[in-house]
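Enquirer: My questions are about this predicted structure, shown below with the sequence.
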Amino acid sequence: MVAHTNPILNTKIRTFQEQLLQTNKMTTIHGLDRSIVIDPIRFHLTLGVMTLVQDSAPHGDTEERSARTVSSALALLRSLKPQVDAILIGGSDGSGSGDIGLDVLLDAVDIMPGAKRATGKDMEGRAQSSSQRDELWANVMYLAPRETGDAGVKLRRIADLVHSKFKQEGYITETRPLKLHCTILNSSKRRPAHKRGPFSYSDILTANVLRPLLSAPSSSTTSTGMPSQTRFRNRSRANATRVSIDLPDTVRVRELALWVMGSRARDGAYVSVGGMRFGPTGMVGV
C-alpha cells in the first residue's frame, strides 16, 4: 500500500513530518534527524521479505533450477487471486458493484518495541538521570492500519493469507508474527551511518507534535488531548505506546505487488516488478 495514491493523506503526513522537524529546532527531540524521516511516496505495508534469484541467472544444476525467482514468486502471488477476490467480494465491500478494492484506514501511531539507549548515557554520552532512563526510545515509528470493521478484517485476512502461503512455500523465512505497519521514522536510515541510534518517542509526545493528527479526546487522554505521559512509562501495559489519530481519508488498495527493497524509481518510490491487480490503482507490498 502506497500513501501517495491519496493526495490528501499524502499532504497531511508530509505536513506532520515537517512540523516534527520544525519542532525539533525549538524543543529538542533527541535522535531526530531529517535523514530518518520516510518520504510518504515510499509508504507501504510489508507482507513479507524474500530473497529471490534473478530469472536471468544460469540454471546449471538442480539447485539453481529449483531456486525461488521473481517469476516464481509472482506466479505464486497471482495464484492467490481467487482467494483474495473472494475475501474482497464478501460482505458489503464491492458486493454487486464490480469494484472490489479495499479501503485501508491508518488510524494510530505507534513504535516498534525493544529500542535501548546505552546504559546510563544520553545521546551525547552524558550520564542520564533516573527520569531519562524511564523515557521511551524507538528505532521505528509507524502508522498502523485499522484491523477492525469490514475493511479492516479483510485487510488482515488478505495479509495473513499471503504471508502464510509464502512462508509455507519457503519464500518467507522470518519467524516473527506479521505486524502491519507504515513506517514514518526509521533510525536505520540515519546518515552518517556511524551515528545510528534510536530517537526519543517520549520527546515527541511531550512536544505535543502529534496534536494535528489526534482524534477526538477520549478517556485515555488528558484535557489537552495528548495521552498522559504516565501511561507511556508503564511499558508492561498492552498498547502503552499507541496513540489514536484521525487522518482525513482512506487509501484505496486494488493490487498486491512485489517491490524491490532499497530500490528507488525516478519519483522516489520503490520499484515494482509486477503483481496481481484487482482494480485500477493502489498497492499492497509483498
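Expert: That came in fine, so what should we check first? Treat the numbers as computed from the prediction; the structure is a model and nothing was measured. Numbering: from 1, shown residues only.
Enquirer: Next, name the residue at the spatial heart of the protein.
Expert: C182 (1.8 Å; CA atoms, centre = their mean).
Enquirer: pretty sure that residue contacts F43?
Expert: Yes - applying CB atoms under 8 Å, one finds C182 in contact with F43, separated by 5.0 Å. Every C-beta, even on glycine, is put in place using the N, C-alpha and C of the backbone.
Enquirer: one step back: give the full set of residues in contact with the residue nearest to the centre of the chain.
Expert: M1, A3, F43, H44, L45, L106, Y142, L143, A144, P145 (CB atoms under 8 Å, 6 or more residues apart in numbering).
Enquirer: excluding its backbone neighbours, what's nearest it?
Expert: Excluding the flanking residues, the one nearest C182 by CB to CB, 6 or more residues apart in numbering is L143, at 4.3 Å.
Enquirer: Okay, and that neighbour sits in which element?
Expert: Assigning secondary structure by DSSP states H and E places L143 in strand 140-145.
Enquirer: residues in contact with that strand?
Expert: With CB under 8 Å, 6+ apart, strand 140-145 has contacts from 1, 13, 43, 45, 104-112, 152, 155, 180-187, 199, 201, 204, 242, 245, 247.
Enquirer: and the residue nearest to C182, how many neighbours does it have?
Expert: By other CB atoms under 10 Å, 24 other residues sit near L143.
Enquirer: same thing with R156?
Expert: For R156, the neighbour count with other CB under 10 Å is 17.
Enquirer: Let me know the secondary structure of L161.
Expert: helix (DSSP: H, G, I helix; E, B strand; the rest coil).
Enquirer: hmm, I was thinking of L205
Expert: helix.
Enquirer: what's the angle between the helix or strand containing N24 and strand 140-145?
Expert: Under the criterion DSSP H and E, the helix or strand holding N24 is helix 7-26. With axes from the mean of the first three to the mean of the last three CA atoms, to 10 degrees defining the directions, helix 7-26 sits at 150 degrees from strand 140-145.
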